[in-house]
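In: Below: sequence and its predicted model.
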Amino acid sequence: MKFFVSCGKGLEYLLVDELLSLGVEKATATVSGANVEGELVDAQRAVLWSRLASRVLWPIDEFDCADELALYDGVAAIAWQDHMRSDHTLSVDAHVSGDAITHARYAAQRVKDAVVDTLRAQGQERPSVDVDHPDVRINLSLRKGRATISIDLGGGPMHRRGWRNVQNDAPLKENLAAAVLMRGGWPKSYHDGGALLDPMCGSGTLLIEGALMAADVAPGLQRHGRSLPSRWLGFDVEVWKALVEEAKQREQTGRSGLKQAMFGSDVDPHAVRAARENAEVAGVADEIWFGVREVGELQAPPFERGTVVCNPPYDERLAADTTLYRKLGDALRRTVPLWRASLLCGNPELAYATGLRANKKYQLFNGAIECALIVCDPVGPPRVQSETPRELSEGALMVANRLRKNLRKFKNWTAREEVSCFRAYDADLPEYAAAIDVYREAKGEMRTFLHVQEYAAPEEIPEADVRRRRNELLAAAREVFAVPAEQVAMKSRERGKGGSKYGRMEQRGELLQVRENGALLQVNLFDYLDTGLFLDHRPLRRHMAQESRGKRFLNLFGYTGVASVQAAVAGADSTTTVDLSSTYLEWCAANLSLNGFAGAQHRLVQADALRWLEAEKNRYDVIFCDPPTFSNSARADDFDIQREHVRLLRACVDRLTTEGVLYFSNNFRRFKLDENAVAEFAVCEDITPQTIPPDFERNPRIHRCWRLTRV
């Protein structure tokens, strides 16, 4: 059976590892969760044992859902007498996307109405609603016109462990605390004789979660140890009782041997008092030392090695005292230089302010706040005076301030649309004329890379000024994004005969995996002028992918095949990618393979696109044509987009199905569409404004785009 386990964004791959360790047959990471294959006992075991999961959703039906009537009818068709009794209370959670139904609360109400009406039509009593503690919690997921109805086996948010009596103003969710601990190597460190230290412990979440992990206490025991998490009629009560009994035996063994190896302090005495009370409820108060102490007065616990975990303060505006972060870094270097540290900071700037060198960086979300988790192993020797970072020059400071302003502007957009590769700066300050693109890894260390392309400076600008401005721009970018030099790809124009040109590229052969519109993609930031991913086409690719579901997709001048891959991920029946370059086609094949696609269903054709089109017999539902401005390859006819575009578009439209659509794009700024000639065979609409993403609004002429259909 396939079921879904949700989690906070950034925890997906950790969750997959955890679920596999719990014995599921297969688990695959997806956005904010994992798709899992296993049996009901696996799902119930996850409810009891998963430290990272937010929900465990067991699907009972799915159906096409074009509108609210289809939603009501689909839910009413389910045999609810097999899932709940009329004396059960219920609650419905809904998550909707798309245009069919836009209000989650209304969708949840319609699901509840359908359930209640169905049971009453069978002569049963009307079930009551209990939002907080229902007997049966139902979940609706409505995405791309498809509704999935599931039972929430955990009965509610699983981050709640049951021990939190008192909390501070910004409590850390327990499942996010578990992720911080896991990334820090705890509880392996405990079993190897190490200790746990939190120098800003707040209400004690990290330390209490760490103690319960070390004691092998199932996180669901205090939440559900004396009751069923769900009274759904399909819930296997006997299996649950056996799982709980086994967990209680493991808990008894773990608690009996638990050592006092956890240490926490905070400058706020009220927070320390709350932490002690929470630890009492959790049953680990004797194993955790708490004290009131300013971070600058931190003392090393009597252990040679261990793990530091910490969630330094910041608020939803990411307002924080960078001096406090620097003081934290200095205190850790002074007291526990050989320990491992896992620090959840508000953003990369705050992480950088600690002065610690991170071995690994991860992007996590504390609620809606995007955070930077850095892992330092070891923390490192005490800072010497010569390591004090140089202050930014006045020019670099201007660039840094503009970068920070842009990041604040893009923050909600990148979070909402899950954008991890974007343009952060585009010659916003004319004297610093360059584009800075951000590429964040989708897997592994989740590092941030910068791709910097310097525009040609006017001839009258002295070379010394060009070099100075370039260095200031790079210094500002590295400061703001807290990245080392090896994670910055610089493409700089050089002056020479025939005008400015880009200098020699690096030959590092370093491929990064990034994610866009749900697809994993390989990019190469260092070896070529272009990276393998044209960021400005992001909205158009998303639109085409959605439109290609269940259809045949053709990608002409396909480059690295990104549009084809995203169409395949969205559910296209087939994709065909045509390009003259074998290098790009191999790159496309690798991108397809990364996402689990291969074979005849996804054709790769090495050919001159125009000549291939005019010889092709098959028809396609969606065609993407993004040709170069000029081409003079030795293996094909010379190509000029202005001269050849009518012939090219006619050949494309001839390959469309009756209801098919062609998207034609190019980046030749002086291009002029021959509207009269095209009107003879196609209906053409300029859709350029809808295809320019927010990060390219400063440069709306980055490309032009038209939508064409048959006359």
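Out: Happy to help now that I have it. Residues are numbered from 1 along each chain as shown.

In: And residue 426, how far from residue 181?
Out: 40 Å (Cβ to Cβ, to the nearest Å). (Each C-beta comes from the backbone N, C-alpha and C, glycine too.)

In: Between the two, point out the one with more neighbours.
Out: With neighbours defined as other Cβ atoms under 10 Å, residue 426 and residue 181 compare such that residue 181 has more, 24 against 19.

In: after the biggest helix by length in the chain, next one along is what?
Out: Looking across the chain with DSSP state H, the single longest helix is helix 394-416. Counting by DSSP states H and E, the element after helix 394-416 in chain order, helix or strand, is strand 421-426.

In: Now do the helix or strand that that next one is followed by: which elements does it pack against?
Out: As assigned by DSSP H and E, the chain's next helix or strand after strand 421-426 is strand 434-440. Strand 434-440 sits against strand 421-426, strand 448-454, helix 463-481, strand 512-516, with contacts defined as 3 or more Cβ pairs under 8 Å, 6 or more residues apart in numbering; DSSP states H and E.

In: Tell me how the chain divides into domains.
Out: Taking automatic domain parsing as the reference, the chain has its domains at 2-152, 174-215+259-384, 394-502, 534-710.

In: Could you dump the helices and strands packed on strand 434-440 into CSV and include distance to residue 270 and mean pLDDT?
Out: Converted to CSV, the helices and strands packed on strand 434-440 look like this (distance: least, Cβ to Cβ, whole Å; pLDDT from 0 to 100):
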stretch, distance to residue 270, mean pLDDT
strand 421-426, 40, 96
strand 448-454, 37, 95
helix 463-481, 35, 92
strand 512-516, 42, 94
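
In: Generate JSON lines for those, with distance to residue 107 as supplementary columns.
Out: Below are the helices and strands packed on strand 434-440 laid out as JSON lines (distance: least, Cβ to Cβ, whole Å):
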{"stretch": "strand 421-426", "distance to residue 107": "31"}
{"stretch": "strand 448-454", "distance to residue 107": "37"}
{"stretch": "helix 463-481", "distance to residue 107": "39"}
{"stretch": "strand 512-516", "distance to residue 107": "28"}
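
In: tell me which residues in stretch 609-618 are buried?
Out: Residues of stretch 609-618 classed as buried by neighbour count (16 or more other Cβ atoms under 10 Å): 609, 610, 612, 613, 616.

In: who touches it?
Out: Contact partners of stretch 609-618, identified using Cβ atoms under 8 Å, 6 or more residues apart in numbering, comprise 552, 556-557, 576, 578-580, 605, 625, 627, 636-637, 639, 644, 647-648, 651-652, 654-655.

In: in the stretch 1-150 of the chain, which spans are strands?
Out: Listed in chain order, the strands of the stretch 1-150 of the chain (DSSP state E, counting those that start in this stretch) span 2-6, 26-30, 33-37, 55-64, 89-96, 128-129, 136-143, 146-152.

In: tell me the average confidence for the last one?
Out: Taken as a whole, strand 146-152 has an average pLDDT of 96.

In: go on, the shortest one?
Out: Per-residue pLDDT over strand 128-129 has a mean of 92.

In: What strands line up against that strand, and which way round?
Out: Using DSSP bridges, strand 128-129 pairs in its sheet with strand 89-96 (parallel).

In: Can you list the buried residues in the partner strand?
Out: For strand 89-96, the neighbour count (16+ other Cβ under 10 Å) marks 89, 90, 91, 92, 93, 94, 96 as buried.

In: Which one of the residues you listed is nearest to residue 228?
Out: Distance to residue 228, by Cβ to Cβ, is smallest for residue 89 among the buried residues of strand 89-96, at 13.1 Å.

In: Next up, the contacts around that closest one.
Out: Taking Cβ under 8 Å, 6+ apart, we find residue 89 in contact with 127, 128, 129, 130, 133, 134, 135, 136.

In: How about residue 650?
Out: 681, 682 are the contacts of residue 650 under Cβ under 8 Å, 6+ apart.

In: distance of it from residue 624?
Out: Taken as Cβ to Cβ, the span from residue 650 to residue 624 is 17 Å.

In: And for residue 534?
Out: Distance of residue 534 to residue 624, computed by Cβ to Cβ: 12 Å.

In: Below-threshold pLDDT in the stretch 251-400 of the chain: ranges please.
Out: Residue ranges of the stretch 251-400 of the chain with pLDDT under 70: 315-320, 381-390.

In: if you count what's nearby, which of residue 534 and residue 624 comes out ahead?
Out: residue 624 (26 against 19).

In: May I ask which helix or strand of the chain has the lowest mean pLDDT?
Out: strand 501-502 (a mean of 50; mean pLDDT, DSSP states H and E).

In: which of the residues in stretch 567-584 are buried?
Out: Here stretch 567-584 shows 567-570, 572, 574-581, 584 as buried, counting by 16+ other Cβ under 10 Å.

In: Could you do stretch 135-148 as well?
Out: 135, 136, 137, 138, 139, 140, 141, 142, 147, 148.

In: Got the phi and psi for the residue lying closest to residue 531 once chain neighbours are set aside?
Out: Nearest residue to residue 531, sequence neighbours excluded (Cβ to Cβ, 6 or more residues apart in numbering): residue 523, at 4.7 Å. Dihedral pair for residue 523: phi -130, psi 150, per degrees, to the nearest 10.

In: How about the one 5 residues further on?
Out: Backbone dihedrals for residue 528, given as degrees, to the nearest 10, come out at phi -130, psi 160.

In: Okay, strands next: where are they in the stretch 501-650 of the chain?
Out: 501-502, 512-516, 519-523, 552-556, 574-579, 602-606, 620-625, 630-631, 639-640.

In: re earlier: so which of the domains of the chain comes closest to residue 236?
Out: Nearest to residue 236 among the domains of the chain is domain 2-152 (5.7 Å), distances taken as Cβ to Cβ.

In: gap between the residue nearest to residue 531 and residue 189?
Out: Using Cβ to Cβ, residue 523 is found at 35 Å from residue 189.

In: One more: residue 335?
Out: 17 Å.

In: who has more neighbours, these two?
Out: More crowded of residue 335 and residue 189, by other Cβ under 10 Å: residue 189, with 22 against 17.

In: For the more buried one, list the residues it contacts.
Out: 195, 196, 305, 306, 307, 340.

In: now the stretch 101-250 of the chain, which segments are flagged as low pLDDT?
Out: 166-170, 224-226.

In: Helices along that one, start to end?
Out: 104-121, 174-183, 188-191, 205-214, 221-224, 237-256 (DSSP state H, counting those that start in this stretch).

In: quick one, which of those is nearest to residue 591?
Out: Residue 591 lies closest to helix 174-183 among the helices of the stretch 101-250 of the chain, at 28.3 Å (Cβ to Cβ).

In: Figure out how far the closest one is from the centre of its chain.
Out: Computed by Cα atoms, centre = their mean, to the nearest Å, the separation of helix 174-183 from the middle of its chain amounts to 17 Å.

In: counting contacts, what elements does it pack onto?
Out: Secondary-structure packing of helix 174-183 (3+ Cβ pairs under 8 Å, 6+ apart): helix 12-21, helix 205-214, strand 306-310, strand 340-345, strand 360-366, strand 369-376.

In: Provide the contact partners of the second one at residue level.
Out: For helix 205-214, contacts defined as Cβ under 8 Å, 6+ apart pick out 51, 161, 163-164, 171-174, 177-178, 180-181, 186-187, 190-191, 196, 198, 201, 219, 254, 258, 261-264, 275, 278-279, 282, 284, 287-288, 309-311.

In: Now list the buried members of the residues you listed.
Out: 51, 161, 163-164, 171-174, 177-178, 180-181, 186-187, 190, 196, 198, 201, 219, 254, 258, 261-264, 275, 278-279, 282, 284, 287-288, 309-311.
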